[in-house]
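what's the 3D shape of this:
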Amino acid sequence: MIETEIDVAVEDARWNDVVPDLEAFVIRAVEAGLAIAPDSPKEAVEVSVLLTTDAAVQALNRTWRGQDKPTNVLSFPAPPQPPHAGMAQPLGDVVLAYDTMLRESAEQSKPLSHHLAHLLVHGTLHLLGQDHETGDADAEAMEALEIAALATLGMPDPYAD
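Down below sits the predicted model:
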């Protein structure tokens with residue numbers, strides 16, 4: 001595994017009750033997504049994770065995607081930048097909405113920690129160019145990567161009944 005810098009910012013204190021040692025959990029999930037991707041980075045990268053509210057995610061979703069509603073996770077890939085010796089390359093930002101994640105976890109009867117890990121892996125794969133909205137084959141490929149990454153964390157297939 002290439003060394004990564006994963007910065008975790010918690011804007012909503014409710015996130016701190018989701019799992020013990022939240023920051024370490026987030027880092028492990030992002031690293032699992034980075035490690036499983038076929039186009040995994042070959043150099044050190046930096047990923048920023050923001051754990052925030054539905055209102056904050058809704059504002060971002062409205063501004064950047066033209067959708068005036070909260071969503072579970074948003075990914076913002078960093079634009080390509082020239083390499084700087086000794087510095088990690090910015091890969092991008094992953095932003096998660098607490099209330100949406102909580103609601104979905106309950107609706108799907110999944111442990112909150114499992115859903116959080118899934119969304120972190122999902123968002124990380126988007127930073128690496130994976131896309132599930134361009135066709136069934138791409139969606140199936142991305143789901144397979146998510147399943148494999150979560151398995152490395154000891155978590156079950158999020159798509160299984």
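
strands of this structure, start to end?
Per DSSP state E, the chain carries strands over the ranges 4-10, 45-52, 73-77, 89-97.

any idea which of those strands gets closest to A139?
Ranking the strands of the chain by their distance to A139 (criterion: Cβ to Cβ) puts strand 73-77 first, at 15.5 Å. For every residue, glycine as well, the C-beta is placed using N, CA and C.

columns mean neighbour count and mean pLDDT on top of the strands of the chain, output as a markdown table?
Listed next are the strands of the chain as a markdown table, based on neighbours: other Cβ atoms under 10 Å; pLDDT from 0 to 100:
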| stretch | mean neighbour count | mean pLDDT |
| --- | --- | --- |
| strand 4-10 | 16 | 94 |
| strand 45-52 | 21 | 96 |
| strand 73-77 | 18 | 96 |
| strand 89-97 | 22 | 94 |
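
export those as CSV, with columns for distance to R62.
Shown next, in CSV, are the strands of the chain (distance: least, Cβ to Cβ, whole Å):
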stretch, distance to R62
strand 4-10, 20
strand 45-52, 14
strand 73-77, 11
strand 89-97, 13
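
D157 is nearest to which of the ones you listed?
Evaluated with Cβ to Cβ, these place strand 73-77 nearest to D157, the distance being 18.3 Å.

show me what that closest one is packed up against.
Under the contact definition 3 or more Cβ pairs under 8 Å, 6 or more residues apart in numbering; DSSP states H and E, strand 73-77 sits against helix 54-65, strand 89-97, helix 112-127.

pick the most deeply packed of the ones you listed.
Mean neighbours per residue, mean count of other Cβ atoms under 10 Å, is largest over these for helix 112-127, with a mean of 24.

that helix - contacts with which helices or strands?
Using 3+ Cβ pairs under 8 Å, 6+ apart, helix 112-127 sits against helix 22-36, strand 45-52, strand 73-77, strand 89-97, helix 98-107, helix 136-152.

between that helix and strand 89-97, how big is the angle?
Angle of helix 112-127 versus strand 89-97, following axes from the mean of the first three to the mean of the last three Cα atoms, to 10 degrees, is 140 degrees.

fine, thanks again, bye for now.
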